[in-house]
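> how would this look folded up:
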Amino acid sequence: MQPLDPLTIPLHGCRLLEASAGTGKTYTLALLFLRLLLERRLEVDQILVVTFTRPATSELRDRIRARLRDSLDLLEGRGLADPVLAALVGLIPADQARRLLADALVRMDEAAIFTIHGFCQRVLQDNAFEAGSLFETEVMEQEDELRREVIEDFWRNRFYGTAVEEAAWATGIWGEPAGLLARLGRATSAALVVDLLPEAETAEIDALRLQSREHLAEVKIQWLRVHAEVRDILENDPCLKRNAEAYRLADRVPELLAAMDLLAAGTETPFILPKGIDRLCVGVMARHLFAKPSCGQPPNHPFFSLFERFHDCHGRFLHLLAIQVMREARDYLLAELDRRKTRQGVMAFDDMLTRLGRALDHPRGGDRLAAALFRRYPAALVDEFQDTDPVQYRLFNRIHNREGGTLFMIGDPKQAIYAFRGADIFTYIRARRDTPEANRSTMAANYRSTPAMVGAVNTLFGRRPDAFIFHEDIPFHPVQAMPDRARPLLIDGLPAPPLTTLVLDSARLISGRSKTISKDKATQAAAAFCADEIFTLLDLAAAGRACLGERELTAGDIAILAPTH
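From the prediction side, this is the model:
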């Protein structure tokens, strides 16, 4: 991948700019904005700048305004010399550059700098007729309450009229409607295009229900014939383990025989089988044998194999039925949410994306809307592109991937791995594959971290060619450190190690018979270490022994990252 030169990179086409943290993404984006103003003669409201949070839009607006002011100061002989800005404003005659920059600076409040949702909302409002949306729509920032109402309605419709046992089965799996909604997870987002696997066809579920009933009928007949033989095996076979998890004679065997009697006495195939009855399956028995040469195989009786066929078929039936219920719940939720929000004249954030996507895909008006948006915004700069999902990428691609179009996608693919803000790594991979190799660039200089830290990260991730698993699409590119850009942490005047990895003390933290550290103990030990380390650093700072560059370290210099709140 070629290094990025923001002063020479072409201003047309779809281009992917890969940049690690601290490599000057915002600075580069502002330079590209200025080039579009000066070289393409675009107005400030024709350059679409999209990022993913409201604070980031404010920061971008301020940074671009500052860069405009710095450029104008250079032309008028004020301010500090910036060779990059000097080269940029020197691309056109000074009087033209001065006029364009001054005009842009005055009009910066009109700049088209939005969050992705803000952009979609603006388009839907300005093009309500073309997009098929309401002219007056209120934004619903939280739809949790509405989602809860809809999933509760689904639960009532689906289970209140069913047999008591089926309702109890549903309660045993999901607990309550909220549990069903939680299990569906991100699949209920209207902004995600998802395939739900495995498939659960009604015909297959009905066939499994019938087979399960037939198998159980065979089991009942055989149980009447071989009850005594099975009891004798369970009570006397020398290879069966006799503990609480297996076939303990004091309670587990009597419970197992009683459970089978109860199952055989029933007139219907139950949804919920008696607890522990799976110990009659030959496969389960094989896992509860003593480890000695004479016990290599479970007891050889045809009843156990027959029961296993029933148990497996019944489990498969319930598994697919649960999947079908979840599919029905998801379909009902999405359709009913859309209907109720339309009726109430409200729209959630994800609805902005999906409604604009539907409008752009409409067979009659979609092309016209895309063309109109392209005329309105001939160039687009997408910041933090690694946070883009499939719907968002399709929107930008639909509008700007055309002759004369300009689309800069700026982001760090490594951050997409962790799915922050709903990012989808496979969307990034798709965008990378869609972008010709000649249109991919990387920003290779880190302006934020110390050279020692940059070197440590390069060394760590450079040890494996597949550091990010999808190495063909996301290779690791080492970055260069800019000397004297960051203040090193000094302890007694010497640089502290830039990167330290700690392993918890297994021998001290493992208790009882466990071979691993419990999650609670690991969390407590890690928190205790962090607290001790911070105390030590601040204690050294109070004595003048811990410094950032030339000043004392303070509590505000220390950040703690944790997986949850």
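
> Run through the stretch 401-550 of the chain and note the low-pLDDT ranges.
420-422, 485 (pLDDT under 70).

> Show me the shaky parts of the stretch 51-200 of the chain.
For the stretch 51-200 of the chain, the stretches with pLDDT under 70 are 79-80, 129-136, 191-192.

> go with 90
For the stretch 51-200 of the chain, the stretches with pLDDT under 90 are 52-54, 56, 74-92, 117, 121-122, 124-143, 185-200.

> Can you show me the strands along it?
Under the criterion DSSP state E, counting those that start in this stretch, strands of the stretch 51-200 of the chain are mapped to 113-115, 138-140.

> which SS class is the closest residue to L460 other than its chain neighbours?
Distances taken as Cβ to Cβ, 6 or more residues apart in numbering put L499 closest to L460, at 7.0 Å, once the chain neighbours are dropped. Using the backbone N, CA and C atoms, a C-beta is placed for each residue, glycine as well. Look at L499: counting by DSSP: H, G, I helix; E, B strand; the rest coil, its state is coil.

> follow-up on the earlier one: from the strands of the stretch 51-200 of the chain, which stretch is densest packed?
strand 113-115 (a mean of 21; mean count of other Cβ atoms under 10 Å).

> What residues sit buried inside the helix or strand hosting A264?
Using DSSP states H and E, A264 sits within helix 252-265. Within helix 252-265, the residues that count as buried by 16 or more other Cβ atoms under 10 Å are R252, V253, L256, L257, A259, M260, L263.

> Helix, strand or coil: sort out V49 for me.
strand.

> How about the contacts made by the closest residue to it other than its chain neighbours?
Leaving aside its sequence neighbours, V49 sits nearest to I113 (Cβ to Cβ, 6+ apart; 4.3 Å). The contact partners of I113, taken as Cβ atoms under 8 Å, 6 or more residues apart in numbering, are V49, V50, T51, T57, L60, R61, I64.

> what about the fifth one, neighbour count?
Yep, that's L60 we're talking about. 22 (other Cβ atoms under 10 Å).

> Tell me which residues touch it, please.
T26, L29, A30, V49, T51, I113, D383.

> Apply 7 Å and report the result again.
For L60, the contact set (Cβ atoms under 7 Å, 6 or more residues apart in numbering) comprises T26, V49, T51, I113, D383.

> ok so, going back, in the next helix or strand after the helix holding A264, what's buried?
Downstream of helix 252-265, the first helix or strand assigned by DSSP H and E is helix 282-286. Neighbour counts over helix 282-286 (16+ other Cβ under 10 Å) mark V282, V284, M285 as buried.

> what's the closest of these to R487?
Taking Cβ to Cβ as the measure, R487 sits nearest to V284 out of these, at 62.9 Å.

> who touches stretch 226-238?
Identification of contacts with stretch 226-238 by Cβ under 7 Å, 6+ apart yields Y247, L249, V253, L256, L257, P299, H301, F303.

> thinking again about what came up before, what's the neighbour count on the residue nearest to L460?
L499 has 11 neighbouring residues, counting by other Cβ under 10 Å.

> is it true that it touches N458?
No - using Cβ atoms under 7 Å as the test, L499 is too far from N458 to be in contact (10.6 Å).

> Contacts made by stretch 69-81 with the rest, please.
L34, D82, L85, A86, L88, V89, A94, A97, R98, L101, A102, L105.

> D278 is in contact with H311, correct?
Yes - using Cβ under 7 Å, H311 is in contact with D278, at 6.0 Å.

> out of the buried residues of helix 252-265, who's nearest S514?
Looking across the buried residues of helix 252-265 and measuring by Cβ to Cβ, the closest to S514 is R252, at 24.4 Å.

> Distance check, that closest one against E145.
47 Å (Cβ to Cβ, to the nearest Å).

> which element follows the lengthiest helix in the chain toward the C-terminus?
For the chain, the longest helix by residue count, based on DSSP state H, is helix 302-344. Following helix 302-344 in sequence order, the next helix or strand is strand 346-348 (DSSP H and E).

> what about A167, neighbour count?
16.

> Name the nearest residue to it, sequence neighbours excluded.
F159 (4.6 Å).

> Ok, A259 next?
In space, and not counting its chain neighbours, A259 is closest to P274: 3.5 Å by Cβ to Cβ, 6+ apart.

> residues touching that neighbour, list them.
A259, L262, L263.

> Looking at those residues, which one is closest to C547?
Ranked by distance to C547 (Cβ to Cβ), those are led by A259 at 70.7 Å.

> what's next to stretch 335-347, contact-wise?
L134, E136, T137, E138, V139, M140, L146, R147, V150, A348, D351.

> Same question for that stretch: list its buried residues.
Across stretch 335-347, burial judged by 16+ other Cβ under 10 Å covers E336, L337, K341, V346, M347.

> Extract the C-alpha trace of stretch 218-230 and format it as CSV.
Output in CSV follows, covering the C-alpha atoms of stretch 218-230 (Å, rounded to 0.1, in the frame of the first residue of the first chain):
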residue,chain,number,x,y,z
GLU,A,218,-41.9,-47.2,20.7
VAL,A,219,-40.1,-46.2,23.8
LYS,A,220,-43.3,-46.7,25.9
ILE,A,221,-44.0,-50.1,24.4
GLN,A,222,-40.4,-51.3,25.1
TRP,A,223,-40.4,-49.8,28.6
LEU,A,224,-43.3,-52.0,29.6
ARG,A,225,-41.4,-55.1,28.3
VAL,A,226,-37.8,-54.4,29.6
HIS,A,227,-38.4,-52.3,32.7
ALA,A,228,-36.9,-54.9,34.9
GLU,A,229,-33.9,-55.5,32.7
VAL,A,230,-33.1,-51.7,32.6
